[in-house]
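Novice: Sequence first, predicted coordinates after that:
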Amino acid sequence: MALSDEDAHGTMPSARRDRSVVVDGWFASHADSGTPGPHLRLRASDFEDLVIRTDQVPMLCALLTAVAERIDARWAVDGERYADEVVRRAPDPQDPEVERAAALARLRFVADVGARAEEVLALVRAADSTDEAVDAVAALLDADPADVLVRLARFNLLGLTRAATERRWQLIDGD
């Protein structure tokens, strides 16, 4: 079990190889329309099904308790201010629909780069600086330069394989 030093967040191994159980403390839950208050979100590190062995149940209970205590303590200090500033206004950055829209924007960016990969690479290679490359690619893709900088810096070329591209379009078209 691993707890964040500062945040209400912890992980433990799951029953699936190379996957973790993730417990996040939140100041609002979106399962019940975003009511303010300390909440916990359970998920698998790969956002797939959460699976643990039965002998891991005590560790999961300990992790849930530890993260719950941390989010309760943080709520006691900062909760009402957070609720006033974030939850009671829209959009809430932790709202699953806001998160989904951001994920779809990332998928569309990869799709745009894939569709214009030769042009993107030519602009990057011809640029004299990172700033020039980012500005040129942003203009080409009609995208925000800050988004281009972050997304290109983390770009996964293997995400342009045929199978990944087909899956990306399934997710985008399912929108």
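Specialist: Thanks, I have the structure now.
Novice: switch to C-alpha atoms for all contacts and neighbour counts from now on
Specialist: Will do.
Novice: where's Val134 relative to Trp75, distance?
Specialist: 40 Å (CA to CA, to the nearest Å).
Novice: meant to ask about Ile52
Specialist: Distance from Ile52 to Trp75, by CA to CA: 29 Å.
Novice: which of these two has more neighbours?
Specialist: Trp75 (21 against 17; other CA atoms under 10 Å).
Novice: Excluding chain neighbours, what is closest to the more buried one?
Specialist: Pro38 (6.2 Å; CA to CA, 6 or more residues apart in numbering).
Novice: Assign a three-state SS to that neighbour, would you?
Specialist: Three-state assignment for Pro38 (DSSP: H, G, I helix; E, B strand; the rest coil): strand.
Novice: Touching, it and Ile71? I think so.
Specialist: Yes. Pro38 lies in contact with Ile71 (CA atoms under 8 Å); the separation is 5.9 Å.
Novice: between these two, which one's more packed in?
Specialist: More crowded of Pro38 and Ile71, by other CA under 10 Å: Ile71, with 23 against 20.
Novice: What strand or helix carries that one?
Specialist: If you go by DSSP states H and E, Ile71 is part of helix 57-74.
Novice: Only the buried residues of whichever helix or strand comes after that helix, if you could.
Specialist: Note on helix 57-74: by DSSP H and E, the next helix or strand toward the C-terminus is helix 80-82. Burial within helix 80-82, assessed by neighbour count using 16 or more other CA atoms under 10 Å, is assigned to Tyr82.
Novice: Find me the pLDDT at Leu158, would you?
Specialist: Leu158 is assigned 84 on the pLDDT scale.
Novice: Just to confirm, what's the three-state secondary structure of it?
Specialist: helix.
Novice: Next, count neighbours for it.
Specialist: 10.
Novice: From Arg81, how far off is it?
Specialist: Taken as CA to CA, the span from Leu158 to Arg81 is 43 Å.
Novice: Same check on Ala136?
Specialist: The value you get for Ala136 to Arg81, if CA to CA is used, is 41 Å.
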